[in-house]
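Asker: sequence below, structure please.
(one chain, ligands or ions: 1)
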Amino acid sequence: MRCPYCSSLDNKVVDSRMGKEGESIRRRRECLKCEGRFTTYERVEEVLPSVIKKDGRREPFDRQKILNGLKKACEKRPISLEMLERTVEDIEKSLQEKGLKEIPSTVVGEEVMEQLHRLDEVAYVRFASVYRSFRDINEFMSELKDILSSKEAKDASKERPHVHEEKDQKPEKLSLPLDS
Ligand SMILES: [Zn+2]
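Answerer: A predicted model of the protein is given here:
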C-alpha cells in the first residue's frame, strides 16, 4: 500500500479494527519514511449471483442495466443519481444476502420493484410502461411487467397512487443575501 503523502511502500499497521456490521477491516497505517498516517479498508470481494433467465439461460448480474432502468423510471422525479446508486447497492446487497449462486430473474425483478416502491411511488407506477419500451432488453424485464400488473391489480381499489411529496413539501428556501 503506497503512502498517499510520499509514495513510499513501507508502512506499518498501528491500529486495526472491524468496520460497522463486520463487513470490513479498517487499518490505520503509518508510513515508515515520512511518518504520515493513513487508513486502508479491507473487505471481501463482492460476488453477485448470476441470473437465471426465463428460458433457463444464465447471465451475469448487470448492475448498469438496473441502474439504467431506474434512471428511466425516475426521470423528472426529485431523485438524485446518488439515491439511484444507493438503491442499486441495496438491491445488490439484498440479493447477496440470499446466499445463492444463481438467482431467478423474477426474484431480481421483485427486489427491484420493492426498492423502487420504497424510493418513489410515482416512479414505481411508471416502471411498467418504461420497460414496455425496451421489449428485448431482457427476459426479466418482461417478468417485471407481470409482477407490476399483479401489484397494480391489487392496488386498483385505491384510485390513484398516493403522492405525498407535494403536500408535505416545505416552501422553497429563500436565497441567502450572499447569493444575490
Ligand atoms: Zn510517507
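
Asker: dump the residue contacts of Asp62.
Answerer: Residues near Asp62 by C-beta atoms under 8 Å, 6 or more residues apart in numbering: Val51. Quick note: C-beta positions are derived from backbone N, CA and C, even for glycine.

Asker: likewise for Thr40?
Answerer: Residues near Thr40 by C-beta under 8 Å, 6+ apart: 1, 26-27, 29.

Asker: among those residues, which one lies nearest to Pro104?
Answerer: Arg26 (36.2 Å; C-beta to C-beta).

Asker: so is the helix or strand that contains that closest one next to the ion?
Answerer: Arg26 belongs to strand 24-31 when assigned by DSSP states H and E. Yes - Strand 24-31 comes into contact with the ion (C-beta under 5 Å from the ion), by way of Cys31.

Asker: can you list the buried residues in that strand?
Answerer: Along strand 24-31, these residues count as buried under the neighbour rule (16 or more other C-beta atoms under 10 Å): 27, 29-31.

Asker: adjacent strands (with direction) for it?
Answerer: Strand pairing for strand 24-31, determined by DSSP bridges: strand 11-18 (antiparallel), strand 37-43 (antiparallel).

Asker: contact residues of this protein facing the ion?
Answerer: Within reach of the ion by C-beta under 5 Å from the ion, the chain has these residues: 3, 5-6, 8, 31, 33-34, 36.

Asker: hmm, back to that, how about JSON lines for the strands paired with strand 24-31, with mean pLDDT added?
Answerer: Shown next, in JSON lines, are those (pLDDT from 0 to 100):
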{"stretch": "strand 11-18", "mean pLDDT": "92"}
{"stretch": "strand 37-43", "mean pLDDT": "88"}
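
Asker: okay, the ones you listed in JSON lines with distance to Lys72 next?
Answerer: Output for those, formatted as JSON lines (distance: least, C-beta to C-beta, whole Å):
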{"stretch": "strand 11-18", "distance to Lys72": "39"}
{"stretch": "strand 37-43", "distance to Lys72": "31"}
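
Asker: can you give me the strands in this protein?
Answerer: Using DSSP state E, the strands of the chain run over 11-18, 24-31, 37-43, 50-52, 58-59, 102-104.
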